[in-house]
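In: What follows is a predicted protein model with its sequence.
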Amino acid sequence: MHGGLQAPGIPFRATWRRSVNLFRSFLVEQTDPDRFYGDLAADSAAQVDSWHPLSGSLMLDVGGGPGFFADAFEARGATYVSLDADAGEMRLHGRQPGPRTVQGSGTALPFPDGSFDVVYSSNVLEHVADPWAMADEMVRVARVGGTVVCSYTLWWGPWGGHETAPWHLLGGQHAARRYERKHRRQPKNVFGESLFPITATAGVRWARGRQDAEILEIVPRYLPGVLSWVSRVPVVREVACWNLVIVLRRRGGRGDR
């Protein structure tokens, strides 16, 4: 784990140092994926642990991919279940699926209502044609009192187009065509097929509209805590937040236990 990022037993703090170190890790995503995903996983587990104690919790990671996050969450005491729709993603970078890995759709989770203490998703919603259907499913499978954490990359932010950024700001199709001309291959994330424009405003509207969950936090995922206010400013947040995290606590309803 890279210096300055979160380790088990150390309380989560959204400091400037943490933001700088995460940015340095982002720069080596392609050349050193073990470092990038390891740092991101350790930071993510610490952040989730600050909202819901992971020790003894049964958690679901929707879109868990190759399982880089499993070690970090399990190091904090969680029983980690991963779901991904793509078998290829589960074996990315030569990794093998863990023992509690399920293949299935994020918009139709194959689990009963109220199955998990923590339901988590990192950088997946922007890859789903109907992201809020997936978010609805995440709330459905959370237990009463459980925590739902949705984190996603904002389209109008600097990384919204993923590998086609920053040209996505001129249009997703334009950016994809430019990438293909330059690299002689399609981008991994194809606009309109596996990458979709998603906004902070849509996420805030979805969270506020839930009658079965209360909002704990809506904050920028990677920015230091002193800049958390930008998530409350329409328009500005679409660009400045880069990545938004929405944290909900599941409320009880009629028939819930």
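Out: The structure has been received and is ready for your questions. Numbers count the residues shown, from 1 in each chain.

In: Surely Val119 forms part of a strand?
Out: Yes. Assessed by DSSP: H, G, I helix; E, B strand; the rest coil, Val119 belongs to a strand.

In: Point out where the chain drops to low pLDDT.
Out: Applying pLDDT under 70 to the chain flags the ranges 1-10, 66, 87-98, 253-257.

In: Scan it for its longest strand.
Out: Counting by DSSP state E, the longest strand found in the chain is strand 142-153.

In: Just the buried residues of that one, please?
Out: The neighbour-count check on strand 142-153 (16 or more other C-beta atoms under 10 Å) flags 142-143, 146-153 as buried. C-beta: built from backbone N, CA, C; applies to glycine.

In: Which residue or residues pair with Leu195 through a beta bridge?
Out: Counting by DSSP bridges, Leu195 is bridged to Phe191.

In: Nearest to Thr201 among the buried residues of strand 142-153?
Out: Tyr152 (12.7 Å; C-beta to C-beta).

In: Val124 is in contact with that closest one, correct?
Out: Yes. Judged on C-beta atoms under 8 Å, Tyr152 makes contact with Val124 at a distance of 7.0 Å.

In: joint contacts of the two?
Out: Common neighbours of Tyr152 and Val124 (criterion: C-beta atoms under 8 Å, 6 or more residues apart in numbering): none identified.

In: so how far is Glu193 from the closest residue to Val128 other than its chain neighbours?
Out: Nearest non-adjacent residue to Val128, counting by C-beta to C-beta, 6 or more residues apart in numbering: Met134, 5.1 Å away. Applying C-beta to C-beta, to the nearest Å, the value for Met134 to Glu193 is 16 Å.

In: So the two - more neighbours on which side?
Out: Between Met134 and Glu193, counting by other C-beta atoms under 10 Å, Met134 is the more crowded of the two (22 against 11).

In: does that one count as helix, strand or coil?
Out: From three-state DSSP, the assignment for Met134 is helix.

In: Next, count neighbours for Gly65.
Out: Gly65 has 24 nearby residues by other C-beta under 10 Å.

In: again but with Phe23, I slipped
Out: Based on other C-beta under 10 Å, the number of other residues close to Phe23 is 11.

In: and it, that one's in a strand?
Out: No. Counting by three-state DSSP, Phe23 is not part of a strand but helix.

In: measure it to Tyr222 for me?
Out: For Phe23, the distance to Tyr222 equals 8 Å [C-beta to C-beta].
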